[in-house]
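Got a sequence here, can you model it:
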Amino acid sequence: MKLKLIGLLLIILFNLSSQTNKFNLNPNYISSSFNLSKKNITSNDTLIVNPNPFDSIAVIQFTISNNDTIWLDIYNVIGNSIKSFYNATVLPSGSYSVTLNGDSIQDGVYFVALKINSTKTLSKKLIKQTNAVGLKENDILQNIKLYPNPTNSILNIVDENNQLQNTTIQIKNNLGQLVYTSPFTSQINLSSLSAGMYFLTVENKGSKKTIKIIKQ
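The predicted structure follows:
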């Protein structure tokens, strides 16, 4: 009788051990599975600068995939910040753009750095180059003049060569947002715009000219 009981107990213990192994109750296995799932998570965070090299104006576009705290700065080659757009700013997920005015920036190499939630940084090399390739103005565009600038409302556009009649005028604010567009005209009423700095762009045959305007 004792031998039968011992044998029965051994069978029960063996079955229990087999069932435990089926469930893989191993901490290393669980940790490994979790790590594999983390590797499958992808990020859609992006940073783009255009044009690059740039002459006077560069548009910085970025996308963040989650609601996050961000920093966006321009640094020189020795690591000093020369321009800050966002400083510990909480933004919802989405796409954004800002405009860098390079009129006061010397020619050279710079870096755009997008820091996301203190854990991730995206960076792009940025080159400031006067008359950069692709931005050099042709003779037609060099003869465009604006007045008065600054202006309270009416802005006159002088096209001395009369070559822009079939082109489009665009005006963007200092965040790169389009605030005005129309077919070419010699006079624009800016009374509906808030006071501040804007950028007027005209383009002809692949060449473009961007002029800073001040609305008082």
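
Provide a list of residues in contact with residue 169.
Counting by Cβ atoms under 8 Å, 6 or more residues apart in numbering, residue 169 touches 157, 180-185, 188, 200-202. Where C-beta positions appear, they are placed from N, C-alpha and C, glycine not excepted.

Among the residues you listed, pick out the one closest to residue 174, please.
Nearest to residue 174 among the contacts of residue 169 is residue 200, at 12.7 Å by Cβ to Cβ.

how far out from the middle of the chain is the longest strand out of those in the chain?
Ranked by number of residues, the top strand in the chain under DSSP state E is strand 81-91. Relative to its chain's centre, strand 81-91 lies at 12 Å (Cα atoms, centre = their mean, to the nearest Å).

State the mean pLDDT of it.
Averaged across strand 81-91, pLDDT comes to 93.

same check, this time on stretch 45-63
The pLDDT scores in stretch 45-63 average 88.

And it, end to end?
5 Å (Cα to Cα, to the nearest Å).

hmm, who's touching that stretch?
44, 64-65, 72, 85, 94-103, 112, 114, 116, 120, 122-136, 176, 199, 210, 212.

in the chain, what spans have low per-residue confidence?
Along the chain, the parts satisfying pLDDT under 70 run over 1-43, 130-143, 205-207.

residues of stretch 47-58 that come out buried?
47, 49, 52-58 (16 or more other Cβ atoms under 10 Å).

Strands - which of the residues you listed land there?
47, 49, 57-58.

Show me where the protein has its strands.
Using DSSP E, strands in the chain cover 46-50, 57-64, 68-76, 81-91, 94-101, 108-116, 120-128, 144-147, 154-159, 168-173, 178-183, 187-189, 196-204, 207-215.

right, so these: which one is the most enclosed?
Most buried of the strands of the chain, by mean neighbour count (mean count of other Cβ atoms under 10 Å): strand 57-64, with a mean of 21.

Partner strands of that strand and their direction?
strand 46-50 (antiparallel), strand 94-101 (antiparallel) (DSSP bridges).

Could you dump these into CSV with distance to residue 146 added?
Output for the strands paired with strand 57-64, formatted as CSV (distance: least, Cβ to Cβ, whole Å):
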stretch, distance to residue 146
strand 46-50, 24
strand 94-101, 16
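
just to revisit the earlier point, in its sheet, which strands sit next to the longest strand of the chain, and in what direction?
Short version: by DSSP bridges, strand 81-91 pairs with strand 68-76 (antiparallel).

next one: the partner strand to chain centre, how far?
Taking Cα atoms, centre = their mean, one finds strand 68-76 lying 10 Å from the centre of the chain it belongs to.

ok, now stretch 104-124?
Taking the mean of its C-alpha atoms, stretch 104-124 sits 11 Å from the chain's own mean (Cα atoms, centre = their mean).
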